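K.L.:
pasted the sequence and its predicted model underneath.
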Amino acid sequence: MGEFTMPSLGADMDEGTLVEWLVAPGDPLRKGDPVAVVETAKSTIEVECFESGAMGRLLVEPGATVPVGTPLALIEPAAGARREPKGRGKRQKHPVTPPAPAEPEPAPAPGPEPAGGDGEAAGTGPLIRRLAERRGVDLTALHGTGPAGRVTRADIERAATDTARPPRVRATPLARRRAAELGVDLSSVTGTGRDSVIRAEDVGGAAPGGAAAPAPPPPAAASVRPSRPPGEQAPGMRRAIARLMTRANRDIPHYYLSTTVDMAVSMDWLHEHNRRGPMAERLLPAALLLKAAALAAREVPALNGFWTDDRFTAGEGVHLGVAVSLRGGGLIAPVLHGADTLDLPALMGALKDLVTRARTGRLRGSEVSDATLTVTNLGDQGVETVFGVIHPPQVALVGFGRVADRPWAVDGLLGVRPVVTVTLSADHRATDGAVGARYLTAVDRLLQKPEEL
């Protein structure tokens, strides 16, 4: 039996608030399935399960705030995964004499035994058949629990009870509690969760007026403190960011480099691509910048990884953390996994999806962890140059400013060209200025051939 624990969703996360369970005890689990919604200081995130099995006992109630690593639930082996009793199933070394067949049971006195044709349950006597007929139970669909699969009276009673019981509506525990508070009939609610499971927000939408009432606080527990009030979310996020950035500035010896890149070729290519392509495949300059940053990281792997245990560990793949400003204030950096392998339309689509879900609190745990390099782009805010602070344990951060028209000399002739300032903040323990300069040179070279990105 395994444990599902409060995960660490970033270097700045010490605790999290369990907002909602997305599964109920007994539900089957596959590796990667979202099972709970967790609120951190920065965002609300769907957390996945990293082993298969079945959901066991829930140990923490929604609304509780617990430290990272606290067991939230038990995960049991999947049905049918029980071990065979010791010695069963082993091949015999010598043939054995089969036991003599047991004497057949004498036929009951009253009435002849009905013929056992197709569809009749094996090993059922007349009393069992009469009881099944009286209770409306189909014996051919019943699995007996008696010896040799024989159907017992208890099997009949259990099947009759199950038939009379209305089907259980699949809903999360928080959704059931919310439905009881609002007087909502769960059978009339359409679920939007995995396998159409009803979630708390579905109940809120089905309530009169479409507004969900606040959930009551969970019962007090010695190791659990109440969830923070909603009004404290932004200050909590600011405190988390402050702690992480203070640590980064204290522990990481930063060095900074910048270069200005001529974007004329890239912007001409981008305009032509958008003019010829369908609306759904139109690109923003951010797609070109992110792809160039990812490919340059593949060329200069010394900037793509982590500083842990006083040494550098290269990342397995290029996973870009993209800084996103949230509507309520603060930042979060969801991850574009394998950004160097995505073509531009796929990267653009993934970026839009991540930004939308980051701002609506619908990210998954795997989308806020394991970034190997972070990129911040403040061009849409009018900023021309940004020097960021490295997000530990990463060793670099890339900044892009606004693509702006500036006087620019080409082949000795002065003209006006679109240019962008690219900056690099890097960890001097892992690299030095020569490595950083090689990275920025690679970004510049890649942006001069946008058709190859």
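P.N.:
On my side now, so go ahead.
K.L.:
any weak-confidence spans in this structure?
P.N.:
79-127, 147-148, 161-168, 173, 194-195, 208-235 (pLDDT under 70).
K.L.:
give me the residue at the spatial middle of it.
P.N.:
Arg364 (2.9 Å; C-alpha atoms, centre = their mean).
K.L.:
surely it meets Val47?
P.N.:
Yes - the pair Arg364 / Val47 is scored as a contact, 7.3 Å apart, by C-beta atoms under 8 Å. Where C-beta positions appear, they are placed from N, C-alpha and C, glycine not excepted.
K.L.:
between these two, what contacts are shared?
P.N.:
Pro34 (C-beta atoms under 8 Å, 6 or more residues apart in numbering).
K.L.:
who does the residue nearest to the centre of the chain bridge with?
P.N.:
Taking DSSP bridges as the rule, Arg364 bridges to Glu46.
K.L.:
contact partners for it?
P.N.:
Per C-beta under 8 Å, 6+ apart, neighbours of Arg364: 34, 45-48.
K.L.:
separation between it and Ile241?
P.N.:
21 Å (C-beta to C-beta, to the nearest Å).
K.L.:
what do you get for Val398?
P.N.:
19 Å.
K.L.:
more crowded one of these two?
P.N.:
Remark: of Val398 and Ile241, Val398 carries more neighbours, 28 against 18, as counted by other C-beta atoms under 10 Å.
K.L.:
can you show me the helices along the protein?
P.N.:
126-135, 153-164, 173-182, 200-206, 233-251, 264-276, 285-299, 344-359, 433-447 (DSSP state H).
K.L.:
pull up the distance across stretch 315-335, start to finish.
P.N.:
End-to-end distance for stretch 315-335: 13 Å, by C-alpha to C-alpha, to the nearest Å.
K.L.:
mind listing what's buried in it?
P.N.:
Neighbour-count burial for stretch 315-335, with 16 or more other C-beta atoms under 10 Å as criterion, is recorded at 315, 317-326, 330, 332-335.
K.L.:
can you give the distance of that stretch from its chain's centre?
P.N.:
Taking C-alpha atoms, centre = their mean, to the nearest Å, one finds stretch 315-335 lying 15 Å from the centre of the chain it belongs to.
K.L.:
now stretch 420-440
P.N.:
32 Å.
K.L.:
returning to that earlier point: and the furthest pair within the buried residues of stretch 315-335?
P.N.:
Farthest apart among the buried residues of stretch 315-335 by C-beta to C-beta are Gly317 and Gly330. That separation is 27.4 Å.
K.L.:
which residues belonging to stretch 264-272 are considered buried?
P.N.:
By 16+ other C-beta under 10 Å, the buried positions in stretch 264-272 come out as 264, 266-267, 269-270.
K.L.:
between those, which is nearest Thr372?
P.N.:
When the buried residues of stretch 264-272 are compared against Thr372 (criterion: C-beta to C-beta), the nearest one is Ser266, at 24.2 Å.
K.L.:
which residues are in contact with the residue nearest to that closest one when sequence neighbours are not counted?
P.N.:
Nearest non-adjacent residue to Ser266, counting by C-beta to C-beta, 6 or more residues apart in numbering: Pro450, 4.5 Å away. Applying C-beta under 8 Å, 6+ apart, we find Pro450 in contact with 265-266, 269-270, 288.
K.L.:
out of the buried residues of stretch 315-335, the closest to Asn274 would be?
P.N.:
The closest of those to Asn274 turns out to be Val322 (C-beta to C-beta; 21.2 Å).
K.L.:
having no further points to raise, I will conclude here.
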